[in-house]
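Engineer: my questions concern the predicted model and sequence given below.
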Amino acid sequence: MKTLSLKNLRKTYFDPYAGSQVTAVHDVSLDVEQGEFVSVVGPSGCGKTTILNMIAGFIPYTGGEILIDGNLVKGPGPDRGVVFQSFALFPWKTVLENVGFGPKMRGVPKDERDRTAREYLALAGLSHAADRYPNELSGGMQQRVGVVRALANNPAVLLMDEPFASVDAQTRMTLQEELTRIWQERKPTVIFITHDVAEAVFLANRVVVLSKGRVLDQIKVDLPRPRVWDHLIEDETFKRLSAQVLQMVRAA
Ligand SMILES: Nc1ncnc2c1ncn2[C@@H]1O[C@H](COP(=O)(O)OP(=O)(O)OP(=O)(O)O)[C@@H](O)[C@H]1O
């Protein structure tokens, strides 16, 4: 079943420096199935963040349409969860309260939202941190809380914009493994933007390569799961797919 559908999506910005319109997204059509994990890669300025922001409903689109479960996107909504590279957890709320915030806003009773929040925290190995405050956590842990906070709303689509870009390489690999494990358990529909080709391939069922506001190509990733770096780093298929995507990005 199709969860997300982009049809001939277009976005122009007014560039105040040039005094003219810039087309950031030309004509993007993309269908994402329920429970699919799609990575989006492409050179800087190819329109990745613009597309994500339009799906999130943060910025209007100039042409075409975005449908989520058949409904036209007209603005932000609880059917989409968003995780950025730098995002703010509420510093005055505990980890448990942060994760339970979305359900609270939707009127879910305290017992139930605490139960859901604890379930998601356990899934990310964060049970021990439930009563801590964000400034008592490492950057990697905060990022994991951000991911489970978005998931706890049970969004139709989880939108992730380079969520692991600012953590160290070691932590990043752990977060990637963890995300694939959580994905496998809950099967959320994910759009994941990254500059890191290996990350894109490691995580996804499909990698979409953008170039100058258009879809250049798409590659299916049939690697078995669970995905673990120790196995994949030397895996011939992983290496071949990564090289293929890298070549496309460099040519884009
Ligand atoms: N608010 C804005 N006003 C004017 N032009 C913009 C605006 N935001 C983005 N652009 C332009 O739109 C194009 C696409 O930008 P976008 O940020 O979507 O690319 P990106 O692929 O996410 O880049 P990066 O990988 O560097 O984050 C670029 O040419 C950019 O300069």
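Structural biologist: Perfect, I can see it now.
Engineer: any idea what V25 is bridged to?
Structural biologist: K11 (DSSP bridges).
Engineer: that one reaches T49, doesn't it?
Structural biologist: No. Judged on CB atoms under 8 Å, V25 makes no contact with T49 at a distance of 10.4 Å. Placement of C-beta: from N, CA and C, glycine included.
Engineer: comparing the two, which residue is more hemmed in?
Structural biologist: V25 (25 against 17; other CB atoms under 10 Å).
Engineer: how near is the more buried one to the ligand?
Structural biologist: 7 Å (CB to the nearest ligand atom, to the nearest Å).
Engineer: run through who's touching the longest helix along the chain.
Structural biologist: Longest helix of the chain, by residue count under DSSP state H: helix 169-186. Contact with helix 169-186 is made by 37, 123-125, 138-140, 143-144, 147-148, 151, 163-164, 167, 190, 199, 202-203, 225-229, as judged by CB atoms under 8 Å, 6 or more residues apart in numbering.
Engineer: just the buried subset of those, please.
Structural biologist: 37, 123-124, 140, 143-144, 147-148, 151, 163-164, 167, 190, 199, 202-203, 227 (16 or more other CB atoms under 10 Å).
Engineer: can you flag which of those residues belong to helices?
Structural biologist: Using DSSP H, those in helices are 123, 140, 143-144, 147-148, 151, 199, 202-203.
Engineer: and which of these is nearest to the ligand?
Structural biologist: E199 (13.6 Å; CB to the nearest ligand atom).
Engineer: tell me the SS of the residue nearest in space to the middle of the chain?
Structural biologist: In the chain, the centroid-proximal residue (CA atoms, centre = their mean) is M160; its distance is 2.0 Å. Three-state call for M160 (DSSP: H, G, I helix; E, B strand; the rest coil): strand.
Engineer: quick one: contacts for it?
Structural biologist: 82-83, 147, 190-193 are the contacts of M160 under CB under 8 Å, 6+ apart.
Engineer: from the ligand, how far out is it?
Structural biologist: 13 Å.
Engineer: run through the bridge partners of that residue.
Structural biologist: Bridge pairing for M160 - DSSP bridges - gives V83, F192.
Engineer: make residue 1 into 859 and carry on from there
Structural biologist: Sure thing, new numbering starts at 859, so read that last one as M1018.
Engineer: fine, thanks again, bye for now.
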